[in-house]
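# 3D, please:
(3 chains)
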Amino acid sequence: MNWARGAAAILAKDLKSELRGRAALNAVVLFAVVTLTAVSYSIGGYGITAEIQASLLWIVLFFAAMAGLSRSFVVEAEKGTQTALRLTATGAQVYLGKFAFNLLLLLVLDAVVLALFQILLPITTADWPLLVLGLLLGSAGLAASSTLIAAIVAQAGVKGALFTVLAFPILVPVLIAGIGATRKALAMDGLQSAGSEIQLLVSYTGIMITMALLLFDHIWKD
Amino acid sequence: MRGFVKWLIGGWIALVIILAFAWAPEMTRPNFGTGTIEPWPSFRIVFFHVPAAWISVLAFTVSMLWSIAVLRKPTRERDDRAMASAELGFLFCSLALITGMVWARNDWGAYWNWDPRQTSVLILLLIYGGYFTLRSAVAEPLRRSRLAAVYSIVAFVTMPFLVFIVPRIMFSLHPSPIIQAGQGKGSMDPKMRTVFFMSLAGFTGLYIWMLSMRVRLERLAREVRAL
Amino acid sequence: MSPLYVVMITVLIIWLGIFLYLIGLDRKLSRLGREMDRK
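Numbering: from 1, shown residues only, chains lettered A, B, ... in the order given. Now for the predicted structure:
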């Protein structure tokens, strides 16, 4: 299981530098807080439906993710650790390590956003297992594609908007399925009703990780 | 290449246009308001709308295949072909979207309805728009061809989700009038089916012709730059 | 003149325009290609 150890090593490295600097975490959480506050300030008084709540949750998640995950690989280019990584780790290990880091980042974001929601636009009744499952799977899908696109964008050498332009359309299936699952969780429709959404999220994440593992060496080589 | 074939394609498509309007029998649909069967003339758009969509998928598939070839051995020719096919896929996808919007305006009163299929096609256009954005962002040709190839393959993989799975999820929200169009296609009169497949053949020929022209243009442009 | 025929004629004319444009492009490409080959 050498690949797992390599991936874990990259994850550990990223976690360590993140705990030291907290750059990505700050960007992501701050973005979510600001967006959610702005939105709830403008519409919170009007009593929003479950559908809108579900959409808002995911839009905030998505844009925070776009803000936070775009720099997954830029850090390496800036710090000059790219070459070292290329020598010591395979493409698969780099991808999996980064993916794991991004997933953890998103899970923290999920918790923060949910907590904020309870304060600003409270969720009164919900099928919590389904809600959490939807968020977990959606975050996995988000992380899988975002890590892949971030790698491409880092090699393209251009910063900023390119990541969002490339990543967002590719992630639309996750957005649709995530909103669908959350909406059904809020409406207490039961786990069964969200079957297609769950299926989509699982298959999407699986396919994206597979594609990334197959293609990463081509992105990563010089 | 093959001179008379181009004129054949031109004549064939002209014939398809005539047959689609003058020979294919009138399609009908039930009018739920008055309870009668009424003629459905705008259905004829289907002979152009659906083949355009299918050729777009074909073009994106071809682009993906050439992209895999680029990753195996990165030559300029392979990259040209991957890019050219992606461009044509984008063009035919836009055609499908526009004909769809004309049809929607005619049947449902608005160009845009947030219909799940319509929205998915728009997202597909955005995804492949990203392909061209990415290409223009990378200066070095070898790296450009490699990164674009990877993106083309990833973009292709999202297509099944957008074209099949997402609309099914969104249909559970609000089944839209497009279901009737779907039924209309299934129960096509044999004459209609003939025109449809003739149109598909014509669009395919057009795509192949335009693809070869685009590749020739790109090769010429490179040779000119090398002068 | 039934509106359907008006649409048909319109589409035909548009296609004629597109097709002639493509043929023109094709000819120009062939001409340029031959010139480049000579160089």
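
# What's the mean pLDDT across stretch B:156-175?
The pLDDT scores in stretch B:156-175 average 79.

# now that stretch: how far from the chain's centre is it?
If you compare the mean C-alpha spot of stretch B:156-175 with that of the full chain, they lie 17 Å apart, counting by Cα atoms, centre = their mean, to the nearest Å.

# can you tell me if that stretch touches chain A.
Yes - between stretch B:156-175 and chain A, judged by Cβ under 8 Å from any Cβ of the partner chain, the touching residues are B:V157, B:T158, B:F161, B:L162, B:I165, B:V166, B:R168, B:I169, B:M170, B:S172, B:L173. Backbone N, C-alpha and C define where each C-beta goes, glycine included.

# so who does the fifth one touch?
Same thing as B:I165. Taking Cβ atoms under 8 Å, 6 or more residues apart in numbering or on different chains as the contact definition, B:I165 lies against A:P173, A:S196, A:Q199, A:L200.

# which ones are touching residue 152?
Chain wasn't specified; assuming chain A. For A:I152, the contacting residues are A:L166, A:I219, B:L134, B:L147, B:V150, B:Y151, taking Cβ under 8 Å, 6+ apart as the criterion.

# Wait, chain B was what I had in mind.
B:F60, B:S63, B:M64, B:S67, B:A82, B:A86, B:Y131.

# For those, which single residue is the most surrounded?
The residue in those with the most neighbours, by other Cβ atoms under 10 Å in any protein chain shown, is B:S67 (31 neighbours).

# Remind me which helix or strand that residue belongs to.
When elements are defined using DSSP states H and E, B:S67 is found to belong to helix B:46-72.

# is chain A contacted by that helix?
Yes - in terms of Cβ under 8 Å from any Cβ, part of helix B:46-72 sits within range of chain A, namely B:L71.

# Downstream of that helix, the next helix or strand is which one?
Towards the C-terminus, the helix or strand next in line after helix B:46-72, according to DSSP H and E, is helix B:76-108.

# Quick check: what element follows that next one along the chain?
Toward the C-terminus, helix B:76-108 is succeeded by helix B:116-137 as the next helix or strand (DSSP H and E).

# Now do that following helix: which elements does it pack against?
Applying 3 or more Cβ pairs under 8 Å, 6 or more residues apart in numbering or on different chains; DSSP states H and E, we find helix B:116-137 packed against helix A:128-156, helix A:161-186, helix B:76-108, helix B:141-160, helix B:166-171.

# just for chain C, where's the confidence low?
Low-confidence segments of chain C, defined by pLDDT under 70: C:1.

# That one against chain B: which residues are in contact?
With Cβ under 8 Å from any Cβ as the criterion, chain C meets chain B at residues C:4-5, C:7-8, C:11-12, C:15-16, C:19, C:22-23, C:25-26, C:29, C:32-33, C:36, C:39.

# Try it again at 7 Å.
In this structure, chain C approaches chain B at residues C:4-5, C:7-8, C:11-12, C:15, C:19, C:23, C:25-26, C:29, C:32-33, C:36, judged by Cβ under 7 Å from any Cβ of the partner chain.

# residues near B:A104, how many?
Here the neighbour count serves as a burial measure; for B:A104 (other Cβ under 10 Å) it reads 22.

# now, which of the contacts of B:I165 lie within helices?
Using DSSP state H, the members of those that fall in helices are A:P173, A:S196, A:Q199, A:L200.

# dump the residue contacts of the residue in chain C that chain B sits nearest to.
Each residue of chain C has a distance to chain B, by Cβ to the nearest Cβ, and the smallest belongs to C:M8, at 3.7 Å. C:M8 makes contacts with B:I17, B:I18, B:F21, B:A22, as judged by Cβ atoms under 7 Å, 6 or more residues apart in numbering or on different chains.

# Put the buried members of the residues you listed into a ChimeraX selection.
The ChimeraX selection below is limited to those of those classed as buried (16 or more other Cβ atoms under 10 Å in any protein chain shown):
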select /B:17,21
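
# could the contacts of C:M8 go into CSV alongside pLDDT?
Converted to CSV, those look like this (pLDDT from 0 to 100):
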residue, pLDDT
B:I17, 95
B:I18, 95
B:F21, 93
B:A22, 90
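
# can you list the contacts of C:M8 in a markdown table and add distance to B:V102 and secondary structure?
A markdown table is the format used below for the contacts of C:M8 (distance: Cβ to Cβ, whole Å; DSSP: H, G, I helix; E, B strand; the rest coil):
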| residue | distance to B:V102 | secondary structure |
| --- | --- | --- |
| B:I17 | 15 | helix |
| B:I18 | 19 | helix |
| B:F21 | 15 | helix |
| B:A22 | 19 | helix |
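
# any idea which of the contacts of C:M8 is the one closest to B:A226?
Within the contacts of C:M8, the smallest distance to B:A226 is 42.0 Å, found for B:I17 (Cβ to Cβ).

# Would you check how far apart the closest one and B:W7 are?
Distance of B:I17 to B:W7, given as Cβ to Cβ, to the nearest Å: 16 Å.

# which regions of chain A sit below the pLDDT cut-off?
By pLDDT under 70, the weakly predicted segments of chain A are A:1-3, A:20-21, A:44, A:77-79, A:158-160, A:222.

# 80 instead?
In the predicted model, chain A carries pLDDT under 80 at residues A:1-7, A:9-10, A:12-24, A:44-48, A:74-89, A:121, A:123-125, A:157-160, A:190, A:221-222.

# Tell me how far the residue in it positioned nearest to chain C lies from B:V70.
Here the residue of chain A nearest chain C is A:P169; by Cβ to the nearest Cβ that distance is 28.8 Å. A:P169 is 22 Å from B:V70, where distance means Cβ to Cβ.

# So which of these two has more stuff around it?
Neighbour comparison, A:P169 and B:V70: the larger count goes to B:V70, with 27 against 21 (by other Cβ under 10 Å).

# which residue packs closest to the more buried one, ignoring adjacent ones?
Excluding its sequence neighbours, the residue lying closest to B:V70 (Cβ to Cβ, 6 or more residues apart in numbering or on different chains) is B:A149, at 4.1 Å.

# For that neighbour, give me the pLDDT.
pLDDT, B:A149: 97.

# contacting residues for it?
Residues in contact with B:A149, defined by Cβ under 7 Å, 6+ apart, are B:S67, B:V70, B:L71, B:A82.
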